[in-house]
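>>> Show me how the following folds:
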Amino acid sequence: MENNVLIFIHLMSAAIAVGSLAYCLLFFLPAMEKLPEEKTKEEHRVAYKALEVLAPTVLAAVLMLIGTGIYYLLTNYTRQVDLAPGYYNLFGVKMVFVIITLFLSVYHTFTLRARIANLDLSPENREMVPATLQKMKTFGQMILATLTGAVFLGIWLARF
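Below is the predicted model of the structure:
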């Protein structure tokens, strides 16, 4: 029973991370860019708000993925013996994708997002907003690619 709950949380974290990134970066933001230009302050624009909420959401989901994955491995280590050849090679590649995703997500949340946070307290950062938002989109796409690779490898490893 414990394993079922753990796997459910792991899969839901993956679905939230990949789904929110894919929706925001591939559908929502391109649709919002087609609308006429807003005449509001930068911190009230749709792209700013979407990326401001997206970054910590994805980081939390990635941390939950890592936590549940490590816990599953620690509690089921005896089942990890005598697996098919190539399992550990794919697992190592998956871990590389996960580590890259984690570092990109941390940079996305704590560095890029912090550059344009609290514009009312530091109005001198307003001119950095468009370039930073574009960089956040680029890093979001890189996170989506590496996370999707890790999820694909996880699905592939489930057949062993």
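>>> does T57 belong to a helix or a strand, and which?
Assigned by DSSP states H and E, T57 falls within helix 46-75.
>>> Closest to the centroid, which residue in the protein?
V58 (3.8 Å; CA atoms, centre = their mean).
>>> Now do F139: how many residues are near it, please.
19 (other CB atoms under 10 Å). Where C-beta positions appear, they are placed from N, C-alpha and C, glycine not excepted.
>>> ok so, going back, wait, what's in contact with the residue nearest to the centre of the chain?
17, 20-21, 105, 108-109, 140, 143 (CB atoms under 8 Å, 6 or more residues apart in numbering).
>>> 6 Å - rerun?
17, 21, 105 (CB atoms under 6 Å, 6 or more residues apart in numbering).
>>> wait, isn't the first one in contact with A61?
Yes. In terms of CB atoms under 6 Å, A17 counts as a neighbour of A61; the distance is 3.6 Å.
>>> And those two? Which one has more around it.
The neighbour comparison of A17 against A61 (other CB under 10 Å) goes to A17, with 27 against 22.
>>> That one: what's it in contact with?
By CB under 6 Å, 6+ apart, the neighbours of A17 are 58, 61-62, 147.
>>> Just put the residues you listed in a markdown table and tack on distance to H10 and pLDDT.
As requested, these are exported to a markdown table (distance: CB to CB, whole Å; pLDDT from 0 to 100):
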| residue | distance to H10 | pLDDT |
| --- | --- | --- |
| V58 | 15 | 94 |
| A61 | 10 | 95 |
| V62 | 12 | 95 |
| L147 | 13 | 95 |
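>>> Just checking, which helix or strand of the protein averages the lowest pLDDT?
The weakest-scoring helix or strand in the chain, judged by mean pLDDT, DSSP states H and E, is helix 113-115 (a mean of 83).
>>> what residue ranges in the protein score low on pLDDT?
Along the chain, the parts satisfying pLDDT under 70 run over 1, 38, 41-44, 80, 119-123.
>>> Mind jotting down where the helices sit in it?
Under the criterion DSSP state H, helices of the chain are mapped to 2-22, 29-33, 46-75, 87-107, 113-115, 129-157.
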